[in-house]
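*Asks:* Let me see the structure of the following:
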Amino acid sequence: MSIDYAVASLNVGKPQPLKANAKEVMSGFNKQATEEQLYLSATQLQGDGQGDTVHHGGADKAVCVYCFKHYPFWEEKLGLTFKPGAFGENVTLHDLTEEEVRIGDIFKWGEAVVQVSQPRQPCYKIAAFHGVPELTVYVEQTGYTGFYLRVLEPGTVSQKDCLTLLEQAPQGITVAYANYIKYRSKTDKEGLERVLAVEALSDSWRSSLTKRLEKLG
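*Replies:* From the prediction side, this is the model:
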């Protein structure tokens, strides 16, 4: 039986200047909600863009997803008010947390078919955008990172289209577990091997975790 996950907000934005660490950089972090139908290509949503195409975007990181369930936690912790898209995500889901979603899960979204490729790895821009220097570390520590989707079949999508689970990854490696291995249990060889065994894992995470495993010997 398929499971539908409703989209609270669909958010896109082109790169804009952002002051970070006493310098100005380009960032696509400032996204705005839209109810329009957008074309999702193999690498990104129509109307979206990245300021740093080396570390953001591309085939393995075409769509960034974040769960709205985390918003109350952040608002209470930081004393700020957030609207959907505040964590730079393209898709704000009502449900589906890092504890539930697996790397390799496949979803139907509108006309498109997408697959979970890796946890979202927070960079310094999330802290700079909100003016909270510790926020990048907080996101890593909590595991409330969000995750990325790759596009298996391009097509038109909208906020009204649910993400419908078509296929659950058999290895059972959740985004939360991958985050735990990367940030909290860095010398766990067995854990590293379990994450690396997931064929759907993104190239960048595979490279990073392989290097760590090799150093452990």
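*Asks:* C-alpha from now on. contacts and neighbour counts both.
*Replies:* Noted.
*Asks:* Can you list the low-confidence ranges for the protein?
*Replies:* Scanning the chain for pLDDT under 70 picks out 1, 17-18, 20, 22, 25-27, 51-57.
*Asks:* Just want the most central residue of it.
*Replies:* By C-alpha atoms, centre = their mean, the chain has its centre lying nearest to Phe147, at 2.6 Å.
*Asks:* surely that one meets Pro122?
*Replies:* No. If you go by C-alpha atoms under 8 Å, Phe147 and Pro122 don't touch, sitting 10.1 Å apart.
*Asks:* can you tell me which residues contact the residue lying closest to Arg102 once chain neighbours are set aside?
*Replies:* Spatial nearest neighbour of Arg102, excluding adjacent residues (C-alpha to C-alpha, 6 or more residues apart in numbering): Thr174 at 4.0 Å. Residues near Thr174 by C-alpha atoms under 8 Å, 6 or more residues apart in numbering: Glu98, Glu99, Glu100, Val101, Arg102, Ile103.
*Asks:* Restrict stretch 170-179 to CA atoms and write it as PDB.
*Replies:* Written as PDB, here are the backbone C-alpha positions of stretch 170-179 (Å, rounded to 0.1, in the frame of the first residue of the first chain):
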ATOM      1  CA  PRO A 170      15.500  -2.600   1.600                       C
ATOM      2  CA  GLN A 171      18.700  -1.800   3.500                       C
ATOM      3  CA  GLY A 172      16.800   0.200   6.100                       C
ATOM      4  CA  ILE A 173      19.400   2.900   6.500                       C
ATOM      5  CA  THR A 174      17.500   6.000   7.600                       C
ATOM      6  CA  VAL A 175      18.700   9.500   7.100                       C
ATOM      7  CA  ALA A 176      19.000   9.700  10.900                       C
ATOM      8  CA  TYR A 177      21.300   6.700  11.100                       C
ATOM      9  CA  ALA A 178      23.500   8.100   8.300                       C
ATOM     10  CA  ASN A 179      23.700  11.400  10.300                       C
END
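*Asks:* Now Thr156: closest residue in space, sequence neighbours ignored.
*Replies:* Closest to Thr156 by C-alpha to C-alpha, 6+ apart is Tyr39, at 4.3 Å.
*Asks:* any idea how far the one you found lies from Ser207?
*Replies:* 30 Å (C-alpha to C-alpha, to the nearest Å).
*Asks:* So between the two, which is more surrounded?
*Replies:* Neighbours per residue (other C-alpha atoms under 10 Å) separate Tyr39 from Ser207, with Tyr39 holding more: 18 against 12.
*Asks:* ok, residues contacting the strand or helix carrying that one?
*Replies:* Taking DSSP states H and E as the definition, one finds Tyr39 inside strand 38-40. Applying C-alpha under 8 Å, 6+ apart, the contact partners of strand 38-40 are Leu45, Gln46, Gly47, Ala112, Val151, Pro154, Gly155, Thr156, Val157, Ser158.
*Asks:* Show the subsequent helix or strand relative to that strand.
*Replies:* Heading C-terminal from strand 38-40, the first helix or strand you meet, by DSSP H and E, is strand 63-67.
*Asks:* who's in contact with the following helix or strand past that following strand?
*Replies:* Where DSSP H and E defines the elements, the next helix or strand beyond strand 63-67 is helix 71-78. Helix 71-78 is contacted from outside by Leu80, Thr81, Phe82, using C-alpha under 8 Å, 6+ apart.
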